[in-house]
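1. quick check, what structure comes out for this input:
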Amino acid sequence: MKILILGGTLFVGRHLVEAALARGHQVTLFNRGRQAPDLFPEVERLTGDRRGDLGPLRGRRWDAVIDTAAYVPSVVRRAARLLSSSVDHYTFISTRSV
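-> Predicted coordinates:
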C-alpha cells in the first residue's frame, strides 16, 4: 500500500511509520520537517504546514492517509477535503486520546 502519514515523527506517528515499513508499505510523510528530520531516511518526505500550504499534497494519490498531527477540527477538515479524491481511506487518530 501507498500510505501518507500526516506527522509521523513524534508520538504515535513514529510507531505507525515503523509498523507500515515493517509490513513493506510505501510511506510518505507530510510535516514541517522540524522534528527528527533524519528519522526514516528511506521514506518520501513532503514539507508543509497543516495550517498553511498543503500544496505538496495536490495531484498525488495514496491508498490511505493516517492523520496524527492536527489539534483542531478545522485542520483535519481542510486536509480531508483536499485529499478526498486522492485517497481510498482516511483515518484520524487524536494523539491526545491515544
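2. when you work out contacts or count neighbours from here on, use the C-alpha atoms and nothing else.
-> Fine.
3. okay, now Gly52: neighbour count?
-> 8 (other Cα atoms under 10 Å).
4. any figure for the gap between it and Arg23?
-> 32 Å (Cα to Cα, to the nearest Å).
5. same question for Gly7.
-> 19 Å.
6. who's more crowded, the two?
-> Gly7 (25 against 10).
7. so who does that one touch?
-> Gly7 makes contact with 13, 29-31, 67-69 under the criterion Cα atoms under 8 Å, 6 or more residues apart in numbering.
8. recalculate using a threshold of 10 Å.
-> 13-14, 17, 28-33, 35, 49-50, 66-70 (Cα atoms under 10 Å, 6 or more residues apart in numbering).
9. narrow these to just the buried residues.
-> Among those, those scoring as buried are 13-14, 17, 28-31, 33, 49-50, 66-70 (criterion: 16 or more other Cα atoms under 10 Å).
10. Glu18 reaches Phe40, doesn't it?
-> Yes. Using Cα atoms under 10 Å, Glu18 is in contact with Phe40, at 8.5 Å.
11. neighbour count winner among those two?
-> Phe40 (17 against 14).
12. and that one, which of the three is it?
-> coil (DSSP: H, G, I helix; E, B strand; the rest coil).
13. please renumber the chain so that the first residue is 657 from this point on.
-> Got it, first residue is 657 now, which makes that one Phe696.
14. now do the same for it: its pLDDT.
-> Phe696 is assigned a pLDDT of 90 by the prediction.
15. in this protein, which spans are helices?
-> 667-678, 729-739 (DSSP state H).
16. only alpha carbons, please: show the shortest one as PDB.
-> Put plainly, it is helix 729-739. Output of helix 729-739 as PDB, limited to C-alpha atoms (Å, rounded to 0.1, in the frame of the first residue of the first chain):
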ATOM      1  CA  PRO A 729     -11.100  20.100  13.800                       C
ATOM      2  CA  SER A 730     -10.700  22.700  11.000                       C
ATOM      3  CA  VAL A 731      -7.200  21.500  10.300                       C
ATOM      4  CA  VAL A 732      -8.400  17.900   9.900                       C
ATOM      5  CA  ARG A 733     -11.400  19.000   7.800                       C
ATOM      6  CA  ARG A 734      -9.100  21.000   5.500                       C
ATOM      7  CA  ALA A 735      -6.700  18.100   4.800                       C
ATOM      8  CA  ALA A 736      -9.600  15.600   4.400                       C
ATOM      9  CA  ARG A 737     -11.300  17.800   1.900                       C
ATOM     10  CA  LEU A 738      -8.200  18.300  -0.100                       C
ATOM     11  CA  LEU A 739      -7.400  14.600  -0.100                       C
END
